[in-house]
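Undergrad: below are the sequence and a predicted model for it; my questions follow.
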Amino acid sequence: MIKKKKLQEASIPTSSMADIAFLLLLFFLVATVIDVDTGLGLTLPEYVPPEEREEIKVDPQRLVAVLVNEQGDVLIDGEIVSIFQIKNLIKPKLLARVEMPLSKKIIVSLKTDRKTIYNQYIAALDQIKLAFFEARDEVSQSRFGKRFKDLTTEQQEQMKDAVPIIISLAEPEEIK
């Protein structure tokens, strides 16, 4: 009688499997870029104590007051508007003062209630900035025949002087 040889089963060596898994994990940890949420890019003024603050009078003709209450109602110069109308009401005022000196340019003051929803505040701020950006685009189209982003650095500086972004973020009043 002939004996059959029993074939050995194929097996994968697993002794170094933990090392390989650790190296792969380490590789992906090192190679992965973690996106850090940076928040809003606002330039805040330096803190000045109340006794050292200097009060500057601003011509009311230069000021566009945007008020947002806690229900999300928006008032521009006393008139109730939608958040999405802010841009269309501010842009003509900016374009009307393009040729004026800096001391006559429009200042947009955004003031909110302490209980205003943050998303409404950001939406209002976005609409105000959009008005400035679109005004710059229109002025650069009329002067240079190009959009603002397509201008040279020198031309962009001229446009920044013609339509400077002047936004005053007024602090909400104290609730008493």
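TA: Thanks, I have the structure now. Because the structure is predicted, anything quoted here is derived from the model rather than measured. Numbering: from 1, shown residues only.
Undergrad: what lines up beside the lowest-mean-pLDDT helix or strand in the chain in the sheet?
TA: Lowest on mean pLDDT, DSSP states H and E among the helices and strands of the chain sits strand 167-170, with a mean of 85. Applying DSSP bridges, strand 167-170 is found paired with strand 107-112 (parallel).
Undergrad: only the buried residues of the strand it pairs with, if you could.
TA: Across strand 107-112, burial judged by 16 or more other Cβ atoms under 10 Å covers Val108, Ser109, Leu110, Lys111, Thr112. Backbone N, C-alpha and C define where each C-beta goes, glycine included.
Undergrad: and stretch 142-149, by the same measure?
TA: Those would be Phe144, Phe148, for stretch 142-149 by 16+ other Cβ under 10 Å.
Undergrad: before we move on, what about stretch 4-11?
TA: Within stretch 4-11, no residue qualifies as buried by neighbour count (16+ other Cβ under 10 Å).
Undergrad: re earlier: farthest pair within the buried residues of strand 107-112?
TA: Val108 and Thr112 (13.4 Å; Cβ to Cβ).
Undergrad: so where's the longest helix in the chain?
TA: helix 118-144 (DSSP state H).
Undergrad: give the rounded mean pLDDT of that one.
TA: Mean pLDDT, computed over helix 118-144, is 92.
Undergrad: buried ones in the helix or strand just after that helix, by neighbour count?
TA: As assigned by DSSP states H and E, the chain's next helix or strand after helix 118-144 is helix 153-162. For helix 153-162, the neighbour count (16+ other Cβ under 10 Å) marks Gln156, Met159, Ala162 as buried.
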